[in-house]
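Enquirer: Take a look and give me a structure for this.
(2 chains)
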Amino acid sequence: MKRQSVSPSRGKAGCLGGFLHHAFYLVVSVLTLGPLLWIAMLSFRSRREFAAQPFGLPSSLYLDNYIKAITDSPFVTFVVNSVLVSFTALIILLVVSTMAGYAIARIPFKGSKFLFVLLIMTDAVPIFVILIPLFILVQMLGLSDSLWSLIFSYVAMRIGLSVILMRGFFRSISSELEDAARIDGCNLMQRLWYVMLPIVRPGLLVAAIVNFIFLWNEYFLATILLPRQAMFTLPPGLAAVFMGRYSANWPVMAAGLTLSILPTLLTFMLAQDKIIVGWTTTSK
Amino acid sequence: MSDVFTDDEGRSRSREKMQRLLRSPEVAGWLLCLPALLMLVVFFLGPAIVGFRVSLYKWDGASPSMEFVGLGNYVEALSSERFWNAMKVNWLAFVGSLLTQMPLALGLALGLSRKGFGMKVYRSAIFAPQVMSIAAVALLWSLLYNPYQGPINQLFRSIGLDVLATGWLGNPDTALGSLLVATAWFYFGFHMVIFMAGLAAIPKEIFEAVQLETNSWLKTLVYVTLPLLREQILLVFVFIFAGSFGHLMGFFSLMTEGGPAGATELLGIYMSLQAFRANRYGYASAISAIILLIVGGVLAWPALRVARDRLEY
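Expert: Below you'll find the predicted structure:
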């Protein structure tokens, strides 16, 4: 009896209370998911259907909007750029943050605390306060006409958070295994590569997923650092091309939007718990 | 160990020296952190310092000549009406975000943290918008808010509330509020998950002990739950504050570009218009230095606190 009483609602009033609770959650869920469902439905409907009735289910599996979004716009170019930028930055981030995270978590060296605080502080600074100098720097380094400008900026932007995350994962491993390896004569790199990495692999996956969603979605820096439409990643491409060119053809816009969300949405559906772990350990 | 594999005596000796050096924690530690530090210095801290220097000059961003004006850009900003309007809009956006997102996220987290039917489904549904890019959210909401074909106005018309069907983003009275609704839609699920993680970390025994003392859920909330969530509340505050002065501008500039009549012009939008449209890089840098000062000033205490707590555990 006492153990159940954690929840305040019981009996008849509890039943009604529970119902009201669920009604409230349901309304909030519908409000958050509704716009997304509307867009998904819209992407399968023809222009005429939409003009007649803005809401509603598609009458058939109508794919013309998708075909048009892909073939009649630089959509494929945007996707290729997005893939190049996201995955290159992701690999650099994972390598660099594994090294630093391991060092800060496991090696007792002078300055490790300072480095850690520095990383946390830079993580809290909004990126756009360094936007102008970053823009100038990229020009000075001759990177303005290359996707590397974006890749390096992304790495710098996410390094704080990634190191914090990896440090947490390395700290959660007990030191016995590593000590045993040291006694067996493994040097630092061997210990990190053969002993620690296999154990920390789930953590690495969390860092990869959380960073991928960020990298795939980043709009703000991309729109300022990338000089030409042919170099755009998906978010600025979507904003520049779809918002302009198809402003009168909503179903095609909806198809482009749906396609752009698909990779991150699938990641979310497959790895929901990992994402939540990742986002909450960084915030803890 | 390494000499077994190498014939060359000298090489193996220098390798041994390397090994000994690597065994020193100072060298190994800094060496492993070097790539991260390098990225941070070249692409983050360096530009931040350069930006401060540029703010002391009059510069169009392209010509080699820069005219030193001292604090002139700062003085100009602080005496500009448009700057103060942007400041006002920015604080309004922050307070509006805080008042909508914090209670909603906290309330839902408290409710959804109980075990029960459908809780995970609700959580996923509420969290889902987080996987979208700002560009996609902006595109989606500008369709929703469209005065003619937009579903929101269609809905109002279909239930006979034509008076409410307005040009949401085109009207200076409704533009900021409408943008804040879209912002809350996008972000509050994220904050909810932070609170849920905090709640999950509180030991059940605490609530059982509280039950012996009081049956009032309000008292439990105010005297037990909220104090235990202090860290998370601080964190959500940091996110909302940094966000209002930070990435919110990308979202706003996509949807309204600061209009109509400056009603949604955040400091960041004002800054980027001055830089990338008017080519006034010195002036724009001064504005971003002022923003950094505000953000740093307000967040220094909570950020240090969070950093200290993390170092201790």
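Enquirer: what's the closest non-adjacent residue to the residue nearest the centre of chain A?
Expert: What sits nearest the mean C-alpha location of chain A, by C-alpha atoms, centre = their mean, is A:Ile213, with 1.7 Å. Among residues not flanking A:Ile213 along the chain, A:Thr264 sits closest, at 5.1 Å (C-beta to C-beta, 6 or more residues apart in numbering or on different chains). Every residue, glycine included, has its C-beta placed from N, CA and C.
Enquirer: which parts of the helix or strand encompassing that neighbour are buried?
Expert: A:Thr264 belongs to helix A:250-281 when assigned by DSSP states H and E. Burial within helix A:250-281, assessed by neighbour count using 16 or more other C-beta atoms under 10 Å in any protein chain shown, is assigned to A:250-261, A:263-265, A:267-268, A:271-272, A:274-281.
Enquirer: for stretch B:80-92, same thing?
Expert: In stretch B:80-92, counting by 16+ other C-beta under 10 Å, buried: B:Phe83, B:Asn85, B:Ala86, B:Met87, B:Val89, B:Asn90, B:Leu92.
Enquirer: wait, does that stretch make contact with chain A?
Expert: No - Stretch B:80-92 lies apart from chain A when judged by C-beta under 8 Å from any C-beta of the partner chain; the minimum separation is 11.8 Å.
Enquirer: What average pLDDT does that stretch get?
Expert: The pLDDT scores in stretch B:80-92 average 94.
Enquirer: chain center to that stretch, what's the gap?
Expert: Remark: stretch B:80-92 is offset 19 Å from the chain centroid, using C-alpha atoms, centre = their mean, to the nearest Å.
Enquirer: Against chain B, how distant is A:Leu266?
Expert: As judged by C-beta to the nearest C-beta, to the nearest Å, A:Leu266 and chain B stand 9 Å apart.
Enquirer: Now do that residue against A:Trp216, distance only.
Expert: 11 Å (C-beta to C-beta, to the nearest Å).
Enquirer: now do A:Pro227
Expert: In terms of C-beta to C-beta, A:Pro227 sits 21 Å off from A:Trp216.
Enquirer: Looking at the two, which is more packed in?
Expert: A:Trp216 (23 against 14; other C-beta atoms under 10 Å in any protein chain shown).
Enquirer: Make sure that one is indeed in a strand.
Expert: No - counting by DSSP: H, G, I helix; E, B strand; the rest coil, A:Trp216 is not part of a strand but helix.
Enquirer: measure B:Phe237 to A:Leu61 for me?
Expert: 47 Å.
Enquirer: can you check B:Thr256 too?
Expert: Separation of B:Thr256 from A:Leu61 (C-beta to C-beta) stands at 36 Å.
Enquirer: what about the two, which has more around it?
Expert: B:Thr256 (21 against 6).
Enquirer: I figured B:Pro172 hits B:Ala261, correct?
Expert: Yes - under the criterion of C-beta atoms under 8 Å, B:Pro172 makes contact with B:Ala261 at 5.3 Å.
Enquirer: residues touching B:Ala128, list them.
Expert: Residues in contact with B:Ala128 (C-beta atoms under 8 Å, 6 or more residues apart in numbering or on different chains) are A:Thr32, A:Leu33, A:Leu36, A:Leu265, A:Phe268, B:Gly189.
Enquirer: What pLDDT does the model give it?
Expert: Looking at B:Ala128, its pLDDT stands at 87.
Enquirer: Relative to A:Phe268, how far out is it?
Expert: In terms of C-beta to C-beta, B:Ala128 sits 7 Å off from A:Phe268.
Enquirer: ditto for B:Phe276
Expert: Distance from B:Phe276 to A:Phe268, by C-beta to C-beta: 33 Å.
Enquirer: Show me what the helix holding A:Thr264 is packed up against.
Expert: With contacts taken as 3 or more C-beta pairs under 8 Å, 6 or more residues apart in numbering or on different chains; DSSP states H and E, helix A:250-281 sits against helix A:11-43, helix A:47-52, helix A:64-71, helix A:148-171, helix A:197-217, helix B:119-127, helix B:134-144, helix B:175-200.
Enquirer: and stretch B:141-159, how far out from the chain's middle?
Expert: Centroid separation between stretch B:141-159 and its chain, computed with C-alpha atoms, centre = their mean, is 29 Å.
Enquirer: Are that stretch and chain A in contact anywhere?
Expert: Yes - shown here: stretch B:141-159 in contact with chain A (C-beta under 8 Å from any C-beta) through B:Trp141, B:Ser142, B:Leu143, B:Leu144, B:Gln149, B:Pro151, B:Gln154.
Enquirer: right, and the fourth one touches B:Ile152 too?
Expert: Yes - with contact taken as C-beta under 8 Å, B:Leu144 and B:Ile152 are classed as touching, separated by 5.5 Å.
Enquirer: Name the helix or strand for B:Gly282, please.
Expert: helix B:281-312.
Enquirer: I'd like to know how many residues surround B:Met66.
Expert: When neighbours are counted by other C-beta under 10 Å, B:Met66 comes out with 16.
Enquirer: How about the one 3 residues further on?
Expert: Using other C-beta under 10 Å, B:Val69 has 18 other residues around it.
Enquirer: Spatially, what comes nearest to it if we skip its sequence neighbours?
Expert: Distances taken as C-beta to C-beta, 6+ apart put B:Lys58 closest to B:Val69, at 5.0 Å, once the chain neighbours are dropped.
Enquirer: can I assume B:Phe241 is in contact with B:Ala300?
Expert: No - taking C-beta under 8 Å as the definition, B:Phe241 is not a contact partner of B:Ala300, at 11.7 Å.
Enquirer: of those two, who's got more company?
Expert: Between B:Phe241 and B:Ala300, B:Phe241 has the larger neighbour count (other C-beta under 10 Å), namely 20 against 12.
Enquirer: Which of the helices or strands spans the more buried one?
Expert: helix B:230-245.
Enquirer: Run a quick neighbour tally on residue 29.
Expert: Went with chain A since none was named. Neighbour tally, A:Ser29, other C-beta under 10 Å: 19.
Enquirer: please go with chain B instead
Expert: 23.
Enquirer: List the residues that contact it.
Expert: A:Ala103, A:Ile104, A:Ile107, A:Pro108, A:Phe109, A:Gly111, A:Ser112.
Enquirer: is it true that it lies in a helix?
Expert: Yes - counting by three-state DSSP, B:Gly29 falls inside a helix.
Enquirer: Quick check: the gap between it and B:Val163.
Expert: For B:Gly29, the distance to B:Val163 (C-beta to C-beta) stands at 66 Å.
Enquirer: again with A:Ala208
Expert: Distance, A:Ala208 to B:Val163, by C-beta to C-beta: 51 Å.
Enquirer: Settle it for me: which of the two has more neighbours?
Expert: Taking neighbours as other C-beta under 10 Å, A:Ala208 and B:Val163 compare with A:Ala208 leading, 19 against 7.
Enquirer: give me every residue that touches the more buried one.
Expert: A:Leu90, A:Leu94.
Enquirer: The stretch 1-150 of chain B: helices as residue ranges?
Expert: Assigned by DSSP state H, counting those that start in this stretch, the helices in the stretch 1-150 of chain B fall at B:9-23, B:25-40, B:46-54, B:72-78, B:81-112, B:119-127, B:134-144.
Enquirer: Against which helices or strands is the first one packed?
Expert: In other words, helix B:9-23. Using 3+ C-beta pairs under 8 Å, 6+ apart, helix B:9-23 sits against helix A:188-190, helix B:25-40.
Enquirer: can you give me the angle it makes with helix B:25-40?
Expert: Taking axes from the mean of the first three to the mean of the last three C-alpha atoms, to 10 degrees, one finds that helix B:9-23 is oriented at 80 degrees with respect to helix B:25-40.
Enquirer: And the longest one, by the same measure?
Expert: Helix B:81-112 and helix B:25-40 are oriented at 120 degrees to each other (the same axes, to 10 degrees).
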